[in-house]
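Trainee: fold the stuff below for me.
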Amino acid sequence: MKIIGVIGGMGPLATADLYKKIIYFTVAEKDQDHSHVIIDSNPKIPDRTDYILHRGPSPIPEIVKSIRRLEAAGCDFLIMPCNTAHTIIEEIKKTTKVPFLNMMEETAKYVAKKHPGEIIGLLATDGTVYSGAYHKYLEKEGVKVVTPSENQEKVMDFIFKGVKSGNVMMSLKGIEDAVNELKEKGASVILLGCTELSAVSDRIKELDYVFVDPLDILAHAAVIKGGKKAKEV
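Mentor: Okay, the predicted model is just below:
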């Protein structure tokens, strides 16, 4: 059984949600059937969007501190419950010999398999959208991506003024407006490209549209890579 290392704290609720999903996706009859997971939830990691948009410090030094603790604990591979951090994953991977499971890459493969030929609407932070990282992974798999324009600020408000601020019951009106804009742009599937959205996905899915949650996909892939049987996503 491989030990899963989680670079957490980006944000804390998303980290807790990932661990819950790892447990949920594991086929188990008793405690001993579950994966060995070690979590370093480090809320001191600077904001990833601020860094990408050149208005804040690099998150990499604090991420590396988490990596060193997880290395010392004997983790066999690493995962990050943060989409925006994946925009700089190649830089992060250079700091360690421990392999990473890439959430964006796994999501792109899943979408291409489950929703071939469909246009994907991306709900994500300004940093993720600006980086074009999801576009790169999805377009590599032949998937077209659209993003909000007039409603992107509402998405950011929901993420930062809502979930990250502990206001998880913030009105979904802004998210609904963004989803409707993406639908008008031809999207038939909405990708929850921020783990703060994943953390409240049960509420968002009440909008009655087709949603894909990368945190589900990452948790599922981690269970399998960890050597356990997994339920279907």
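Trainee: buried sites along the strand or helix carrying residue 23?
Mentor: In this assignment (DSSP states H and E), residue 23 forms part of helix 12-25. For helix 12-25, burial by neighbour count (16 or more other C-beta atoms under 10 Å) applies to 13-15, 17-19, 21-22, 25. No exception for glycine: its C-beta is placed from N, CA and C like everyone else's.
Trainee: quick check: closest non-adjacent residue to residue 162.
Mentor: Spatially, and ignoring its direct neighbours in sequence, residue 162 is nearest to residue 170 (3.5 Å; C-beta to C-beta, 6 or more residues apart in numbering).
Trainee: ok so, going back, show me what the helix holding residue 23 packs onto, helices and strands only.
Mentor: Contacts defined by 3 or more C-beta pairs under 8 Å, 6 or more residues apart in numbering; DSSP states H and E place helix 12-25 against strand 3-8, strand 36-41, helix 195-199, helix 214-225.
Trainee: residues making contact with the shortest one?
Mentor: Judged by C-beta atoms under 8 Å, 6 or more residues apart in numbering, the contacts made with helix 195-199 from elsewhere in the structure are 10-11, 13-14, 16-18, 81-83, 123, 158-159, 162-164, 168, 175, 192, 204, 213-216.
Trainee: next structured bit after that helix?
Mentor: Next element after helix 195-199 (DSSP H and E): helix 201-204.
Trainee: can you give me how far that following helix is from the chain middle?
Mentor: 15 Å (C-alpha atoms, centre = their mean, to the nearest Å).
Trainee: mind listing what the helix or strand just after it pairs with, with the direction of each?
Mentor: Using DSSP H and E, the helix or strand that directly follows helix 201-204 along the chain is strand 211-212. Its sheet considered, strand 211-212 pairs with strand 189-192 (parallel) by DSSP bridges.
Trainee: show me the contacts for the residue lying closest to residue 169 once chain neighbours are set aside.
Mentor: Counting by C-beta to C-beta, 6+ apart, residue 203 is the residue found nearest to residue 169 once chain neighbours are left out, at 7.9 Å. By C-beta under 8 Å, 6+ apart, the contact list for residue 203 reads 168-169, 172.
Trainee: re earlier: residue 54 is nearest to which of the helices and strands packed on helix 12-25?
Mentor: Minimum separation from residue 54 across the helices and strands packed on helix 12-25 (C-beta to C-beta) falls at helix 195-199, 22.0 Å.
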